[in-house]
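Asker: quick one, structure for this:
(2 chains)
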Amino acid sequence: MSEPSKDGPPTPLSSSQPSQKSMTKAERRELQERQRAAKAAQKQQQGQGQGQASSSASSRSKAQGAPQKKSESGRPRASSSAAPTSSRDVGGAARDGSGGIDSEGPKTRGLRIFSHFGLPKTSGHQVKGDIHPAIIRLGLQFSEFKICGANARCIAMLTAFKTVIQDYTTPAHNTLSRHLMTYLSPQISHLVAARPMSVTMGNAIRQLKLEISGSDIDLPEQDAKDALCHIIDNYIRDRIIIADEVIEDLAVKKIKDGDVVMTYARSSLVEKILIRAHALNKRFSVIVLDSRPLLEGKTLLRTLTSTTPPISCTYALLPALPSLIKEVSVVLVGAHSLHTNGSVYSRAGTAMVAMLAKEHSVPVMVCCETYKFSESIMLDAFGKNELAPLKFSPPEAPKPHSNLEVLDPLYDSTPPTCITAVVTEVGLIPPTSISSIPLALGKTSL
Amino acid sequence: MSDFEIFETYQRLLKNEELSTPLAAILALTEMIEQSRAGTMFELVKELKDGAEELNLKSPNPISLNAGCELFIEFITLFPHPSANFSELKTELIRQGQQYVVEALTYRKKIAELAFDFIKDDSVILTHSYSRVVMQTLLMAHRRKRISVFVTEARPRGLGIKTAEKLRAVGIPCSVVLDSAVAYAIDKVDFVLVGSEAVVESGGLINAVGSNQIAIIAKAANKPFYALAESYKFHRLFPLSQYDLPSHNPKLLSFTQPRPPGMSLKTQSNNASEVNPHQINQEQIAQNNPDVDYTRPDLISLVFSDVGSLTPEGVSQYLVGMFAG
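Answerer: Numbers count the residues shown, from 1 in each chain, chains lettered A, B, ... in the order given. All right, here's what the predicted structure looks like:
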């Protein structure tokens, strides 16, 4: 059996197609690639509308899974099972139009490098099942990036959950502690379909599940619901609001008069710290670094310069970093999550700032509440990431059927060696000793 | 309290050669409890904090002193007090404080035994300045193995010479190395052993100035760098850089104002400086330079302490556990 060639047009499938089992794994993969390319070419031939219907159908089926981790492993399985079925349909079309496809076939291969995250989600996705309107609104806000940032998303989600819990009624022959979680699961999946779940949301949901399953069976329903809402309020207050205040107190001590503080993109916590330091009459200036596609630094710049008297700020894009780093006394960044091995998962570009600061012996302080800790280990930013949706691509971006694709991962991972200190509400800790945090909080696990 | 002078007590206690500054501070605070007329726990803790503050201000080298004070005050605050009688409680606290100091004096021996396993026969050791715990370790090693020691001079105080004299008196072959010749000598050395003023939250070391330099050279030459520190020297400080230390002030390493040549003859009263108005003496240099420096945790191989041998990352874990309560 001849080896199918990698480059050049796909060989017509009219020649005897050996059964899937007799081919080696590499040959099977080659066949899948060709079939996928042929299917994409066929989509174009059949027009955009039909193509959108099939892609939205596939995205809907993908969205029905349980939380993030399961659905990610489910996606490659789903796509590989889809390929053989589509090959049977496409095989005929390819056979007929093989002459015409030769020139355009292999062009739309899709993003290979981050293909395990799936295609960037199109906005206005379908709503499946009984989703509470507060959650639908939240899902839309997430997918439109109106609510952006780990803290903001978590607080918005918990507030929406309070509404959902208050509107919930336990069905007959069921208890709140057992049924409420199954009621909330599709709501959570809807949010995950809008944007992948953040570590903060995951930790909050885990805590909520624990509280729900621990709620007293004998309590009347309204009391149980009120108790849950009270617990949610306490969680937000203790682990986010008050934690932020403690972190501000600790971090402002490290900012001295005459310092030049550099920050990247927009962290809600760093914003609070800088405003507090300014309120304490410290004289310092700020360099705000920013980058596409979200350009969040502009919001931070607006907030910092609207204090009275305004903080003197410099705004620059990421490529200006090497020229500016020599002026900097301390780098202050926020985080999306902090992992057990000490690496920090944060907005794409943070790793670059930290690495360059280390080269120039500038201390890097990461400000992070303890509820952002994840017990997993993160070695690089490829296993877990998120691509920016297509609407953030610049208008002059290449058209979909050209050879060039735009790749916009939103997060990256900073290795612990580049970080000097992590500021949490239990104090300043080196990034490598995150495992001592549960001990400090008086718990056995995070 | 004005009739109890804590700083004088502290200085009197320091005359005992065996006591290091944190232990002397703890004993001084213990004596303060004895003299105190406070009626409640809150008042007592407040008095102790004021006393510690005064010691900090008056002492030229407050970092390790501060470590001892914070440890003692933390201990007092967390001490369970079931007894209703306050004076009974005070007696108990005083007893605990004194007992701790007595036990703490055995820590050096524990550390020496721990570090002893890392010293092979015929080792060449480099040490810096004068440290009692390093001294005890070297003396113990000398009794059972053969060692030879390089000691840096440790200007401006020259305490390294004191170390060399003591070692020579016992019969350990040693040589005094210029601070600037450490890089020259490092390839002859097997490992570096230093004492400490304080070990900080980041896992880094605060020690006599020159330690950071030696650590950097040891790292470049791939030689292990070991620090010996008793557990009462662990401090919750987290310096981000050399200039973030509490001992740093803007006068250190400051540039002197250049004086125009015509004016100097009128302002100088000293005869010698009429000849050379820009003369610099050793005292000026000593005042313009730091006493302690900060060594980063990635340059340190291990910290030997009475609680065991810790990696720099482990120091933070221990500190959090100790102060979390």
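Asker: tally up the residues packed near the closest residue to chain A within the stretch 1-150 of chain B, please.
Answerer: Nearest residue of the stretch 1-150 of chain B to chain A, counting by C-beta to the nearest C-beta: B:Glu70, 12.9 Å away. C-beta here means a position set from N, CA and C on the backbone, and glycine is covered the same way. Neighbour count for B:Glu70, taken as other C-beta atoms under 10 Å in any protein chain shown: 20.
Asker: phi, psi for B:Leu205 please.
Answerer: phi -120, psi 140 (degrees, to the nearest 10).
Asker: if I look at the most centrally placed residue in chain B, how far off is chain A?
Answerer: Geometric centre of chain B, nearest residue: B:Glu197, 1.7 Å, by C-alpha atoms, centre = their mean. Relative to chain A, B:Glu197 is positioned 19 Å away (C-beta to the nearest C-beta, to the nearest Å).
Asker: quick one: contacts for that residue?
Answerer: Residues in contact with B:Glu197 (C-beta atoms under 8 Å, 6 or more residues apart in numbering or on different chains) are B:61, B:63-64, B:206-208, B:233, B:292.
Asker: just the ones in helices from these, please.
Answerer: Residues from the contacts of B:Glu197 lying in helices, with DSSP state H as the criterion: B:63-64.
Asker: quick check on the contacts of B:Glu197: which are buried?
Answerer: With burial judged by 16 or more other C-beta atoms under 10 Å in any protein chain shown, the buried subset of those is B:63-64, B:206-208, B:233, B:292.
Asker: helix, strand, or coil at B:Leu13?
Answerer: helix (DSSP: H, G, I helix; E, B strand; the rest coil).
Asker: so for it, what's the pLDDT?
Answerer: B:Leu13 is assigned 86 on the pLDDT scale.
Asker: and what of B:Gln213?
Answerer: 95.
Asker: got it, and A:Ile155?
Answerer: pLDDT, read off for A:Ile155, is 95.
Asker: did I read that right, A:Val261 in a strand?
Answerer: Yes. Under three-state DSSP, A:Val261 falls within a strand.
Asker: ends of stretch B:302-320, what's the gap?
Answerer: End-to-end distance of stretch B:302-320 (C-alpha to C-alpha, to the nearest Å): 18 Å.
Asker: for it, list every residue counted as buried.
Answerer: Neighbour counts over stretch B:302-320 (16+ other C-beta under 10 Å) mark B:302-307, B:309-310, B:312-320 as buried.
Asker: same check, this time on stretch A:132-149
Answerer: Quick answer for stretch A:132-149 (16+ other C-beta under 10 Å): A:132, A:134-136, A:138-143, A:145, A:147-149.
Asker: output the residues you listed as a markdown table; include the columns secondary structure, pLDDT and distance to chain B.
Answerer: Shown next, in a markdown table, are the buried residues of stretch A:132-149 (DSSP: H, G, I helix; E, B strand; the rest coil; pLDDT from 0 to 100; distance: C-beta to the nearest C-beta, whole Å):
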| residue | secondary structure | pLDDT | distance to chain B |
| --- | --- | --- | --- |
| A:His132 | coil | 91 | 40 |
| A:Ala134 | helix | 93 | 39 |
| A:Ile135 | helix | 93 | 38 |
| A:Ile136 | helix | 92 | 43 |
| A:Leu138 | helix | 93 | 37 |
| A:Gly139 | helix | 91 | 39 |
| A:Leu140 | helix | 90 | 42 |
| A:Gln141 | helix | 92 | 38 |
| A:Phe142 | helix | 90 | 35 |
| A:Ser143 | helix | 87 | 39 |
| A:Phe145 | coil | 88 | 34 |
| A:Ile147 | coil | 90 | 33 |
| A:Cys148 | coil | 88 | 29 |
| A:Gly149 | coil | 88 | 26 |
